[in-house]
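Participant: Structure of the sequence below:
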Amino acid sequence: MPDAPLEKKSQDPLYQQLMRRLQNDVVAGVYPAGGRIPSEQTLCDTYGVSRVTVRKAMLDLVQEGLLVRRQGKGTFVADARLKRDLQHVTSFTEACAGTGKRAASRVIELRREVARAEDIERLHLPEGSMVLELCRLRLCDGQPVMLEFNRFPAAYGFLEQVNLDGSLYDILRAHGLIPSRAIHDISLGHATPAVSRHLDTAAGEALLLLDETVFDQQDRPLHLSRQWIRGDKFTFRI
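Facilitator: Numbers count the residues shown, from 1 in each chain. Down below sits the predicted model:
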């Protein structure tokens, strides 16, 4: 990092000057995506400013989404976020491909269980029905982004016989089931110890929580989905 103190006689506040320096360094590749930003003390010494100035600049850059803080690790340049348009039913695989990245999945669990009240209501199932719950960790270029729980009517038992590491929607389409629309509910959740372990976040860290009911081409409920999503990796368009 060049030794370039800020202009203390400038009309621009010091924290804004520091923000521009850091933004320019990110654009220039001095700090690549995922790269660690120097410590507060190092920035103070390099630019001749106080910790208050450094913290203000860093906080604003975090709020803008350029930087991300990781508890106990430091501040890093945020990776380019995946984008998903909620006006259309798109898969995680398609979202990754749209940014030139590679999607992958890791099956955590696939099990049958008795339908809950929510399953019965939203999937239009009779009392006593069974459902399939599929839990998968979704990765983008090898980095954990999302932990998803999908619940299907047990009639879709073919899911127990296929490789679920790829696009789930491609598998469904191959069986004549086309995800065509969805009802979405987005909220803020906080990572449980189990969720944080899979997503490589701190327990209690704020995450995006997306609940969906997805319908097929005949407007029949196809599956329910709950997705725990790292907000530093993913953004939605509504």
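Participant: residues contacting the residue lying closest to residue 123 once chain neighbours are set aside?
Facilitator: Excluding its sequence neighbours, the residue lying closest to residue 123 (C-beta to C-beta, 6 or more residues apart in numbering) is residue 221, at 4.6 Å. Quick note: C-beta positions are derived from backbone N, CA and C, even for glycine. Residue 221 is in contact with 122, 123, 124, 213, 214, 215, counting by C-beta atoms under 8 Å, 6 or more residues apart in numbering.
Participant: would JSON lines of these with neighbour count, distance to residue 99 and secondary structure be doable?
Facilitator: JSON lines is the format used below for the contacts of residue 221 (neighbours: other C-beta atoms under 10 Å; distance: C-beta to C-beta, whole Å; DSSP: H, G, I helix; E, B strand; the rest coil):
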{"residue": "122", "neighbour count": "17", "distance to residue 99": "31", "secondary structure": "helix"}
{"residue": "123", "neighbour count": "20", "distance to residue 99": "32", "secondary structure": "coil"}
{"residue": "124", "neighbour count": "11", "distance to residue 99": "36", "secondary structure": "coil"}
{"residue": "213", "neighbour count": "18", "distance to residue 99": "27", "secondary structure": "strand"}
{"residue": "214", "neighbour count": "21", "distance to residue 99": "23", "secondary structure": "strand"}
{"residue": "215", "neighbour count": "18", "distance to residue 99": "27", "secondary structure": "strand"}
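Participant: Just name the closest of these to residue 229, please.
Facilitator: For the contacts of residue 221, the residue nearest residue 229 by C-beta to C-beta is residue 214; the value is 16.2 Å.
Participant: tell me the pLDDT at residue 151?
Facilitator: Note on residue 151: pLDDT of 97.
Participant: Assign it to helix, strand or coil.
Facilitator: strand (DSSP: H, G, I helix; E, B strand; the rest coil).
Participant: so how far is residue 135 from it?
Facilitator: Residue 151 is 10 Å from residue 135, where distance means C-beta to C-beta, to the nearest Å.
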